[in-house]
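Engineer: Quick one, what's the 3D model for this:
(one chain, ligands or ions: 1)
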Amino acid sequence: MRLEHVVRLSAKEKGHLSLQEAAALIRSDRVRVDAQVVSEPSHQVLIPAEEVTLDGVRLDPARAFQRLLLFNKPSGVVCEGASSSERSIFRLLTDHQRHHTLSFFGRLDKDTTGLMLLGTDGGIGALLTDPDSGISKEYWAALSGIRPLHPDAAQRIAAGLELADGSYCLPATLQIVHRPPDPALQTTLPSPPVEMEAAQAVGQPVVCLTLHEGRNHQVKRMLGACDGHVVKLHREAIGPLRLSELRIAQGTARVPNEQELKLILSMLPASRDAKARSELIQRRLRGKGLNQIEIQK
Ligand code: URA
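Structural biologist: Below you'll find the model as predicted:
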């Protein structure tokens, strides 16, 4: 995580620092990382392994996460304005959990179930949902058995798929649950979550799709581009956080414990690595039929 973010988020309780204010503090040599003065705001800090101090006082980035919630979204509720709609996800929260600036970090469709992060810090939300952060999201989808998925679906998705509207998806991983399980294929595939049991019981094909970005209806559109029709969709994991291990009843939210908080901190982008960024832009341009030369002209 960039040092300027650590300082901004950790010192926030003292007076809501902007990124510019945090950078100014760092440039004036008042910030140390593991006892060494660091004056470059973009310096990468390994949270929580390295200790950051401001004027000799230890900063605790976990402070910024005081209003952060892990939420197990049920089907039938929508990700929209706090109190605007009867069906808003926020209606499911307790009075204590609700807050007028609480927002969701990454939207799920009304009929999608699964793990969501809610919080009051838009800066954290932006970092967690930025496609450049590369945070993985693991989705499980039950497909209509009527139309078979294209035999090359996994390869097409791994190569980076172009959607019907011409937009381009980053390479992702599609794993198909085989019944009976093929040991050679199942080695890296975790067991399907309970949310897929009903679909499996009636013989609907089940797939696991791991993405590193989050566009509107992305899973449905990607599988649709491979002839699949999603009848049930569930988000099981965000980075290292797995819903089945978090033990949150469906339709409820809770604050993360210290261990989970560390996992969330560890997800924040270590860097906006220039090479990865340029590769991403190049792929998107290729998806639009342009190449680097044309852009440079
Ligand atoms: N992709 C979708 O199609 N829907 C969701 O809710 C999330 C990802």
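
Engineer: for Arg254, phi and psi?
Structural biologist: phi -150, psi 160 (degrees, to the nearest 10).

Engineer: for it, what are its contacts?
Structural biologist: Shown in contact with Arg254 (C-beta atoms under 8 Å, 6 or more residues apart in numbering): Leu69, Leu70, Ile248. Placement of C-beta: from N, CA and C, glycine included.

Engineer: mind checking the SS state of Glu80?
Structural biologist: On the three-state scheme (DSSP: H, G, I helix; E, B strand; the rest coil), Glu80 is labelled coil.

Engineer: Number of residues surrounding it?
Structural biologist: A total of 14 residues lie near Glu80 under the criterion other C-beta atoms under 10 Å.

Engineer: how close does the closest residue to Ala142 other than its chain neighbours get to Val31?
Structural biologist: The shortest distance from Ala142 to any residue other than its chain neighbours is 3.3 Å, reached at Ala199 (C-beta to C-beta, 6 or more residues apart in numbering). Taking C-beta to C-beta, to the nearest Å as the criterion, Ala199 is separated from Val31 by 52 Å.

Engineer: Could you do Leu209 as well?
Structural biologist: Summarising the geometry, the distance separating Leu209 from Val31, computed by C-beta to C-beta, is 41 Å.

Engineer: Now do the SS call for Ile157.
Structural biologist: Classification of Ile157 by three-state DSSP places it in helix.

Engineer: Not counting its neighbours along the chain, what's nearest it?
Structural biologist: On the basis of C-beta to C-beta, 6+ apart, the spatially nearest residue to Ile157 that is not a chain neighbour turns out to be Leu174, at 4.5 Å.

Engineer: Who does that neighbour form a beta bridge with?
Structural biologist: Residues in a beta bridge with Leu174, per DSSP bridges, are Leu209.

Engineer: how about the strands of the stretch 1-150 of the chain, start to end?
Structural biologist: 31-33, 36-37, 52-54, 57-58, 68-73, 103-104, 112-119, 137-143 (DSSP state E, counting those that start in this stretch).

Engineer: quick one, which of those strands is nearest to Cys79?
Structural biologist: Nearest to Cys79, of all the strands of the stretch 1-150 of the chain, is strand 103-104, at 5.1 Å by C-beta to C-beta.

Engineer: Run the contact check for that closest one versus the ligand.
Structural biologist: No. On the criterion C-beta under 6 Å from any ligand atom, strand 103-104 is out of touch with the ligand, staying 11.4 Å away.

Engineer: for the ligand, what are the nearby residues on the stretch 151-297 of the chain?
Structural biologist: That would be His217, Gln218, Val219, Lys220, Leu233, which are the residues of the stretch 151-297 of the chain within reach of the ligand (C-beta under 6 Å from any ligand atom).

Engineer: Low-confidence stretches in the stretch 51-200 of the chain?
Structural biologist: In the predicted model of the stretch 51-200 of the chain, residues 61-66, 82-84, 123, 180-188 satisfy pLDDT under 70.

Engineer: ok, for Gly239, nearest residue in space, not its chain neighbours?
Structural biologist: Beyond its immediate neighbours in the sequence, the residue positioned closest to Gly239 (C-beta to C-beta, 6+ apart) is Met267, lying 4.2 Å away.

Engineer: Need the phi and psi values for the one you found.
Structural biologist: Met267 adopts backbone torsions of phi -80, psi -20, taken as degrees, to the nearest 10.

Engineer: same check, this time on Glu162
Structural biologist: The phi/psi pair for Glu162 (degrees, to the nearest 10) reads phi -100, psi 130.

Engineer: any idea how far the ligand is from it?
Structural biologist: When C-beta to the nearest ligand atom, to the nearest Å is applied, the distance between Glu162 and the ligand equals 16 Å.

Engineer: next one: Gly125
Structural biologist: When C-beta to the nearest ligand atom is the yardstick, Gly125 and the ligand sit 16 Å from each other.

Engineer: again, but for Arg67
Structural biologist: Distance of Arg67 to the ligand, given as C-beta to the nearest ligand atom: 24 Å.

Engineer: Number the residues from 760 up from this point.
Structural biologist: Right, with 760 as the first residue, what we last looked at is Arg826.

Engineer: Neighbours of that residue, how many?
Structural biologist: Other residues within reach of Arg826 by the criterion other C-beta under 10 Å amount to 15.

Engineer: ditto for Cys967
Structural biologist: Applying other C-beta under 10 Å, we find 22 residues neighbouring Cys967.

Engineer: quick revisit: so Ala958 and Val790 - more neighbours on which side?
Structural biologist: Of the pair Ala958 and Val790, Val790 is the one with more neighbours under other C-beta under 10 Å, namely 27 against 21.
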